[in-house]
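Asks: Starting from these lines, generate the structure:
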Amino acid sequence: MKKVLITGASGFLGANLVDRLYDRDGIEIIAVLGRPEDKANVFPQGKNIKVYPCSELFSTNFGHVDTLIHTAFSRGDHLLGLTASIEFTERVIELVNNQDIDSIINISTQGIYQGLNPGEMVAEDGAIGPNTAYGLAKWGVENMLKIGCKKPYTSIRMASLSANARFLDYFIDGVIAHRRIIVTAPRQFASIMDVSDAVEGILSVESIPISHRQEVYNLGPEVQYSILDYAKKANYVGHSFGYTSEEIIVEDSGQEFAICMDCSRLRRQTQWSSQIGNERMIRKLFENKLNV
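Replies: A predicted model of the protein is given here:
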């Protein structure tokens, strides 16, 4: 039976990974919670899952583990949180080196790349140029793996998840409240992915034999939309739930940015592709907000 260890398993991405792996035959899951206050009972109980508090990660011998999937990392640009996450990742790499763990998959970000022009895509050999502290921290972790990891490693540079996109939250809340929506960055383009696509992409990498995994994969929807497009789509989808914003107002700040990743490397090896389009992704966010 294959054994997979997930750090940060009680976080949004980690919990969705656990839920999806739980449905698979021949998998034993080791779920390590993300924070001291997280409870083990958030997960289904079964013979193929063991749950540990984060305090026991570095003091437990887990026996043979095929792959450690590292999702535990602070979000946003909070410097103390990012510093703690980098230090934690250093200890995770030491754990992989010193225990019977065959490989590590590290969740990285599309934010390590330089900004593009609208319509362009970047492959894994594209120019690096983080413009946030979070992106810089993730780039640092990728280099820590190169320098310090003695086992096979892979970094997955992942598009932003729709559930974590604060501007989508703002648009949807505005539509539900019948408020006017103000768009200040109509010339910024974003590439956003539903968590179900992300989970399937990560598990498709895990399914590749370790000897055939590449050091880096891009994982994203391979499409980008302007922030104004997202606002209009939120308003359009809101109509089907009986909501609409008062109006959409553009107050152009002049900021320009675009990001979109070419995921052909992963697609060639696994046939993975994004299945949740923009409209369905936003519809799911409405459903979660409205509990329908």
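
Asks: Now do the strands in the stretch 1-150 of the chain.
Replies: Using DSSP state E, counting those that start in this stretch, the strands assigned to the stretch 1-150 of the chain run over residues 2-7, 27-32, 49-52, 65-70, 101-109.

Asks: can you put those strands in TSV and add distance to Ile172 and mean neighbour count?
Replies: Just so you know, the C-beta spots here come from the backbone N, C-alpha and C atoms, and that holds for glycine as well. Conversion of those to TSV gives the following (distance: least, C-beta to C-beta, whole Å; neighbours: other C-beta atoms under 10 Å):
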stretch	distance to Ile172	mean neighbour count
strand 2-7	29	22
strand 27-32	30	22
strand 49-52	32	18
strand 65-70	29	24
strand 101-109	23	22
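
Asks: Would you convert these into CSV that also reports distance to Val42 and mean pLDDT?
Replies: Formatted as CSV, those follow (distance: least, C-beta to C-beta, whole Å; pLDDT from 0 to 100):
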stretch, distance to Val42, mean pLDDT
strand 2-7, 13, 97
strand 27-32, 9, 96
strand 49-52, 9, 93
strand 65-70, 18, 98
strand 101-109, 20, 98
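
Asks: and Ala84, which of these is closest to it?
Replies: Taking C-beta to C-beta as the criterion, Ala84 comes closest to strand 2-7 out of the strands of the stretch 1-150 of the chain, the separation being 13.5 Å.

Asks: List the contacts of the residue nearest to Leu33 when sequence neighbours are not counted.
Replies: With sequence-adjacent residues excluded and distances taken as C-beta to C-beta, 6 or more residues apart in numbering, Leu33 is closest to Ser10, at 4.5 Å. Taking C-beta atoms under 8 Å, 6 or more residues apart in numbering as the criterion, Ser10 is in contact with Ala31, Leu33, Gly34, Arg35, Asp38, Lys39, Val42.

Asks: Most neighbours among the residues you listed, which one is it?
Replies: Taking other C-beta atoms under 10 Å as the neighbour criterion, Leu33 ranks highest of the contacts of Ser10 with 27 neighbours.

Asks: residues contacting it?
Replies: Here Leu33 is in contact with Ala9, Ser10, Lys39, Ala40, Val51, Tyr52, Pro53, Cys54 (criterion: C-beta under 8 Å, 6+ apart).

Asks: Which strand residues bridge the closest residue in space to the first one that isn't next to it in sequence?
Replies: Read it as Ala9. Nearest residue to Ala9, sequence neighbours excluded (C-beta to C-beta, 6+ apart): Ala31, at 3.7 Å. With beta bridges defined as DSSP bridges, Ala31 has these partners: Ile6, Val51.

Asks: Alright, calling it a day.
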